[in-house]
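*Asks:* Quick one, what's the 3D model for this:
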Amino acid sequence: MPKINGNEIRPGNVLEHNGGLWAAVKVDHVKPGKGGAFAQVEMRNLRNGSKLNERFRSADKVERVRLEQKDQQFLYQEGENLIFMDTETYEQIQLPAEILGERRPFLQDGMTITVEFHESEALNASLPQKVTCRVVETEPVVKGQTAANSFKPAVLDNGVKVMVPPFVGQDEDIVINTESMEYAERA
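*Replies:* Here you go, the predicted model:
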C-alpha cells in the first residue's frame with residue numbers, strides 16, 4: 001500500500017491508522033505563526049463509525065488504502081440483512097442494513113449500488129445520487145403561490161418526509177438527491 005505525506009490527505013481518502021481503517025471526512029490545513037504547518041483531519045472509522053480528530057505534520061507518513069469498488073444489485077431483505085448480487089460474477093453477498101444508514105429507505109428492488117471492499121470485507125455502500133420516489137401525501141397545489149423560497153412538507157412512498165416546492169402535488173413522481181436527502185426535480 002502506498003504511503004503519503006500528512007499534507008497530502010484529502011477528504012474521502014481511506015487511511016490505515018492505529019490499526020484501523022479510517023475515512024478522512026474533513027481536512028483543514030493549518031499554518032500557525034509559530035511552528036510547522038499541519039493538517040487537522042477529522043476521520044470516521046469504517047468498521048464501527050467512531051470519529052477521531054488527528055493532526056498530521058507534513059513529515060508524517062500515512063498508509064493510504066485503496067478500496068475496491070464493485071457494483072451490486074439489490075435482490076431482497078432477509079431480517080436485518082440485505083442480499084446483493086455481483087453484476088459480473090452473479091455471486092450473492094449479505095450485508096447488514098445499517099451499512100446504508102439513514103439512506104436505507106431509498107433502496108429499491110433491483111437497484112444497483114456501489115459497495116467498497118477491503119480484502120473481501122464490505123466497508124461502505126453508496127446509492128445512486130438521484131432516486132425517483134412518489135409523493136403519497138402533501139398539501140394541495142395552491143394557485144398563485146409562487147414565492148421563491150416557499151416549500152411544503154411531503155411524505156414519500158418509502159415513508160421519508162421531505163420539503164417540496166408548492167407546485168408538486170400528490171401521486172407525482174419526483175427525483176430525490178440521496179446525498180442531501182432533498183428534492184432535486186420532477187421525474
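
*Asks:* Contact partners for residue 182?
*Replies:* Shown in contact with residue 182 (CB atoms under 8 Å, 6 or more residues apart in numbering): 162, 163, 176. Every residue, glycine included, has its C-beta placed from N, CA and C.

*Asks:* So for stretch 95-110, what gets flagged as buried?
*Replies:* Neighbour counts over stretch 95-110 (16 or more other CB atoms under 10 Å) mark 95, 99, 100, 103, 104, 106, 107 as buried.

*Asks:* Give me the subset of the residues you listed lying in strands.
*Replies:* residue 95 (DSSP state E).

*Asks:* Name the nearest of the buried residues of stretch 95-110 relative to residue 30.
*Replies:* Nearest to residue 30 among the buried residues of stretch 95-110 is residue 103, at 32.4 Å by CB to CB.

*Asks:* isn't residue 83 right up against residue 92?
*Replies:* Yes. Assessed by CB atoms under 8 Å, residue 83 is found in contact with residue 92 at 6.0 Å.

*Asks:* what's the most distant pair in the buried residues of stretch 95-110?
*Replies:* The widest separation within those (CB to CB) is 15.5 Å, between 95 and 106.

*Asks:* Name the residue most distant from the centre of this structure?
*Replies:* Most distant from the centre of the chain: residue 34, at 37.9 Å, with distances by CA atoms, centre = their mean.

*Asks:* on that earlier part again, out of the buried residues of stretch 95-110, which is nearest to residue 115?
*Replies:* Of all the buried residues of stretch 95-110, residue 95 has the smallest distance to residue 115: 7.2 Å, by CB to CB.

*Asks:* Low-confidence stretches in the chain?
*Replies:* 1, 142-148 (pLDDT under 70).

*Asks:* how's it carved up into domains?
*Replies:* For the chain, automatic domain parsing gives the domain ranges 3-65, 68-126, 130-186.

*Asks:* in stretch 65-72, what's buried?
*Replies:* 65, 67, 70, 72.

*Asks:* Now do the spatially most central residue of the chain against residue 140, distance only.
*Replies:* In the chain, the centroid-proximal residue (CA atoms, centre = their mean) is residue 126; its distance is 5.2 Å. Here residue 126 is placed at a distance of 36 Å from residue 140 (CB to CB, to the nearest Å).

*Asks:* and the residue nearest to the centre of the chain, what is it in contact with?
*Replies:* By CB under 8 Å, 6+ apart, the contact list for residue 126 reads 113, 114, 116.

*Asks:* looking at this, the second one is in a strand?
*Replies:* Yes. Assessed by DSSP: H, G, I helix; E, B strand; the rest coil, residue 114 belongs to a strand.

*Asks:* Can you classify residue 7 as helix, strand or coil?
*Replies:* Looking at residue 7 with three-state DSSP, the answer is helix.

*Asks:* could you check the distance from it over to residue 176?
*Replies:* Separation of residue 7 from residue 176 (CB to CB) stands at 37 Å.
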